[in-house]
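In: below are the sequence and a predicted model; questions follow.
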Amino acid sequence: MIILVAYASVEGQTAKIASRIAEKVEDAGHQAILANLAEPGFAIPGRFDAVILCGPIHMGAYPNTLIRFIQNWKAALLEVPSALVTVSLAILSDYSEGHEEAMSYPEKLIKETGWTPQVQYHAAGALKYLEYDFFKRWVMRRISGHEGRPVDTSQDYEFTDWAALDVFTADFLAQAAKQEV
(Lines give C-alpha, C1' and ligand atoms only; values in the text may rest on other atoms or scores of the structure.)
Protein backbone atom coordinates (compact mmCIF):
# COMPACT_ATOMS: atom_id res chain seq x y z
CA MET A 1 0.00 0.00 0.00
CA ILE A 2 0.98 3.61 -0.51
CA ILE A 3 0.17 5.65 2.59
CA LEU A 4 0.12 9.44 2.57
CA VAL A 5 1.25 10.79 5.96
CA ALA A 6 0.59 14.52 5.77
CA TYR A 7 1.06 16.98 8.57
CA ALA A 8 0.90 20.57 9.69
CA SER A 9 3.31 21.44 12.50
CA VAL A 10 3.82 24.56 14.56
CA GLU A 11 6.66 23.73 16.95
CA GLY A 12 7.97 20.53 15.37
CA GLN A 13 6.45 17.81 17.57
CA THR A 14 3.72 17.00 15.04
CA ALA A 15 6.37 16.71 12.33
CA LYS A 16 8.29 14.34 14.57
CA ILE A 17 5.13 12.27 15.18
CA ALA A 18 4.33 12.15 11.45
CA SER A 19 7.91 11.06 10.71
CA ARG A 20 7.61 8.24 13.23
CA ILE A 21 4.33 7.10 11.65
CA ALA A 22 5.93 7.15 8.18
CA GLU A 23 8.89 5.16 9.52
CA LYS A 24 6.55 2.51 10.97
CA VAL A 25 4.59 2.37 7.70
CA GLU A 26 7.85 1.64 5.86
CA ASP A 27 8.91 -0.89 8.52
CA ALA A 28 5.62 -2.72 7.86
CA GLY A 29 6.53 -3.10 4.18
CA HIS A 30 4.43 -0.29 2.75
CA GLN A 31 5.43 2.91 0.98
CA ALA A 32 5.05 6.09 3.02
CA ILE A 33 4.77 9.52 1.44
CA LEU A 34 5.61 12.04 4.17
CA ALA A 35 4.31 15.50 3.30
CA ASN A 36 4.47 18.85 5.09
CA LEU A 37 1.24 20.66 4.20
CA ALA A 38 2.90 24.03 4.76
CA GLU A 39 5.51 23.55 2.03
CA PRO A 40 5.04 26.02 -0.81
CA GLY A 41 3.37 24.45 -3.81
CA PHE A 42 2.29 21.34 -1.89
CA ALA A 43 0.11 19.05 -3.96
CA ILE A 44 -1.02 15.47 -3.55
CA PRO A 45 1.93 13.45 -4.82
CA GLY A 46 0.05 10.94 -6.96
CA ARG A 47 -2.18 8.07 -5.90
CA PHE A 48 -2.39 6.72 -2.37
CA ASP A 49 -4.25 3.82 -0.75
CA ALA A 50 -4.75 5.38 2.67
CA VAL A 51 -4.03 8.64 4.43
CA ILE A 52 -3.02 9.70 7.92
CA LEU A 53 -3.32 13.42 8.65
CA CYS A 54 -1.52 14.85 11.67
CA GLY A 55 -2.25 18.25 13.16
CA PRO A 56 -1.52 20.08 16.39
CA ILE A 57 -3.90 22.14 18.46
CA HIS A 58 -2.67 25.66 19.22
CA MET A 59 -4.89 28.32 20.74
CA GLY A 60 -7.82 25.90 20.47
CA ALA A 61 -7.60 25.21 16.75
CA TYR A 62 -5.87 23.17 14.06
CA PRO A 63 -3.54 25.04 11.67
CA ASN A 64 -5.24 26.63 8.67
CA THR A 65 -3.01 24.62 6.32
CA LEU A 66 -4.55 21.39 7.61
CA ILE A 67 -8.10 22.72 7.39
CA ARG A 68 -7.59 24.00 3.82
CA PHE A 69 -6.02 20.71 2.76
CA ILE A 70 -9.01 18.75 4.04
CA GLN A 71 -11.47 21.15 2.39
CA ASN A 72 -9.62 21.01 -0.94
CA TRP A 73 -9.11 17.24 -0.98
CA LYS A 74 -12.19 16.02 0.91
CA ALA A 75 -13.49 13.93 -2.00
CA ALA A 76 -10.18 12.07 -2.34
CA LEU A 77 -9.93 11.60 1.43
CA LEU A 78 -13.38 10.05 1.55
CA GLU A 79 -12.40 7.40 -1.04
CA VAL A 80 -9.66 5.77 1.04
CA PRO A 81 -9.13 4.64 4.63
CA SER A 82 -8.16 7.69 6.66
CA ALA A 83 -7.03 8.66 10.13
CA LEU A 84 -6.57 11.89 12.04
CA VAL A 85 -3.84 12.28 14.64
CA THR A 86 -4.49 15.26 16.90
CA VAL A 87 -1.48 16.50 18.87
CA SER A 88 -2.06 18.51 22.03
CA LEU A 89 -0.94 18.88 25.60
CA ALA A 90 -4.55 19.22 26.74
CA ILE A 91 -5.06 15.48 26.20
CA LEU A 92 -2.91 15.00 29.33
CA SER A 93 -5.17 17.15 31.50
CA ASP A 94 -6.20 15.67 34.82
CA TYR A 95 -9.20 18.00 34.79
CA SER A 96 -12.29 16.65 33.08
CA GLU A 97 -13.00 19.97 31.34
CA GLY A 98 -9.52 20.14 29.80
CA HIS A 99 -9.56 16.52 28.73
CA GLU A 100 -13.08 16.79 27.27
CA GLU A 101 -12.09 19.91 25.37
CA ALA A 102 -9.09 18.08 23.88
CA MET A 103 -11.32 15.18 22.86
CA SER A 104 -13.74 17.60 21.14
CA TYR A 105 -11.24 19.13 18.71
CA PRO A 106 -11.71 16.46 16.00
CA GLU A 107 -15.50 16.88 16.11
CA LYS A 108 -15.10 20.61 15.51
CA LEU A 109 -12.84 19.84 12.54
CA ILE A 110 -15.36 17.35 11.15
CA LYS A 111 -18.15 19.94 11.37
CA GLU A 112 -15.97 22.59 9.72
CA THR A 113 -14.70 20.43 6.85
CA GLY A 114 -17.29 17.70 6.31
CA TRP A 115 -14.55 15.04 6.41
CA THR A 116 -14.88 12.23 8.92
CA PRO A 117 -11.74 10.15 9.41
CA GLN A 118 -12.36 6.47 10.04
CA VAL A 119 -9.88 6.48 12.91
CA GLN A 120 -8.95 9.20 15.36
CA TYR A 121 -5.92 9.22 17.64
CA HIS A 122 -4.90 11.75 20.28
CA ALA A 123 -1.18 12.15 20.91
CA ALA A 124 0.35 14.22 23.65
CA GLY A 125 2.74 16.83 22.35
CA ALA A 126 5.69 18.57 23.94
CA LEU A 127 6.54 21.65 25.95
CA LYS A 128 9.18 23.50 23.94
CA TYR A 129 10.22 26.01 26.58
CA LEU A 130 13.58 26.63 24.89
CA GLU A 131 11.85 27.71 21.67
CA TYR A 132 9.19 29.96 23.21
CA ASP A 133 9.53 33.70 23.42
CA PHE A 134 9.34 35.27 26.87
CA PHE A 135 5.56 35.74 26.87
CA LYS A 136 4.68 32.28 25.56
CA ARG A 137 7.17 30.65 27.96
CA TRP A 138 5.51 32.52 30.86
CA VAL A 139 1.99 31.49 29.76
CA MET A 140 2.94 27.86 29.13
CA ARG A 141 4.76 27.67 32.46
CA ARG A 142 1.62 28.88 34.28
CA ILE A 143 -0.60 26.40 32.43
CA SER A 144 1.86 23.59 33.00
CA GLY A 145 2.12 24.39 36.70
CA HIS A 146 -1.66 24.48 37.03
CA GLU A 147 -1.79 21.01 35.46
CA GLY A 148 0.99 19.69 37.71
CA ARG A 149 3.40 19.42 34.80
CA PRO A 150 7.03 20.61 34.57
CA VAL A 151 7.73 24.29 35.14
CA ASP A 152 11.53 24.30 34.75
CA THR A 153 11.90 26.44 31.64
CA SER A 154 15.57 25.58 31.17
CA GLN A 155 14.65 22.46 29.17
CA ASP A 156 12.01 21.00 26.86
CA TYR A 157 9.65 18.15 27.78
CA GLU A 158 8.24 15.52 25.44
CA PHE A 159 5.03 13.73 26.43
CA THR A 160 4.35 11.67 23.30
CA ASP A 161 3.75 7.97 24.04
CA TRP A 162 5.77 6.49 21.18
CA ALA A 163 4.78 2.88 21.93
CA ALA A 164 1.07 3.76 21.82
CA LEU A 165 1.63 5.68 18.56
CA ASP A 166 3.29 2.59 17.06
CA VAL A 167 0.29 0.45 18.08
CA PHE A 168 -2.10 3.00 16.52
CA THR A 169 -0.08 2.91 13.28
CA ALA A 170 -0.02 -0.90 13.13
CA ASP A 171 -3.76 -1.09 13.86
CA PHE A 172 -4.56 1.49 11.18
CA LEU A 173 -2.44 -0.34 8.61
CA ALA A 174 -4.23 -3.61 9.40
CA GLN A 175 -7.62 -1.95 9.04
CA ALA A 176 -6.61 -0.24 5.78
CA ALA A 177 -5.29 -3.52 4.34
CA LYS A 178 -8.63 -5.21 5.04
CA GLN A 179 -10.49 -2.44 3.21
CA GLU A 180 -8.12 -2.67 0.23
CA VAL A 181 -8.96 -6.31 -0.46
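Out: Sure thing, it's come through. Residues are numbered from 1 along each chain as shown.

In: would you point out the helix or strand in the chain whose mean pLDDT is lowest?
Out: Counting by mean pLDDT, DSSP states H and E, the chain has its least confident helix or strand at helix 96-113, which shows a mean of 84.

In: just the mean pLDDT for the helix or strand following it, thanks.
Out: Next along the chain after helix 96-113, taking DSSP states H and E as the criterion, comes strand 119-124. Computed over strand 119-124, the mean pLDDT rounds to 94.

In: with stretch 161-169 instead?
Out: For stretch 161-169, the mean pLDDT works out to 96.

In: so Gly98 makes contact with Arg149?
Out: No: the criterion here is CB atoms under 8 Å, and Gly98 misses it with Arg149 at 11.5 Å. Where C-beta positions appear, they are placed from N, C-alpha and C, glycine not excepted.

In: Tyr62: neighbour count?
Out: 25 (other CB atoms under 10 Å).

In: setting the sequence-adjacent residues aside, check what's closest to Ala6.
Out: Nearest non-adjacent residue to Ala6, counting by CB to CB, 6 or more residues apart in numbering: Ala35, 4.4 Å away.

In: my bad, should have said Ala15
Out: Using CB to CB, 6+ apart, the closest residue to Ala15 is Ser9 (4.0 Å).

In: where does that neighbour sit: helix, strand or coil?
Out: At Ser9 the chain is in coil, as set by DSSP: H, G, I helix; E, B strand; the rest coil.
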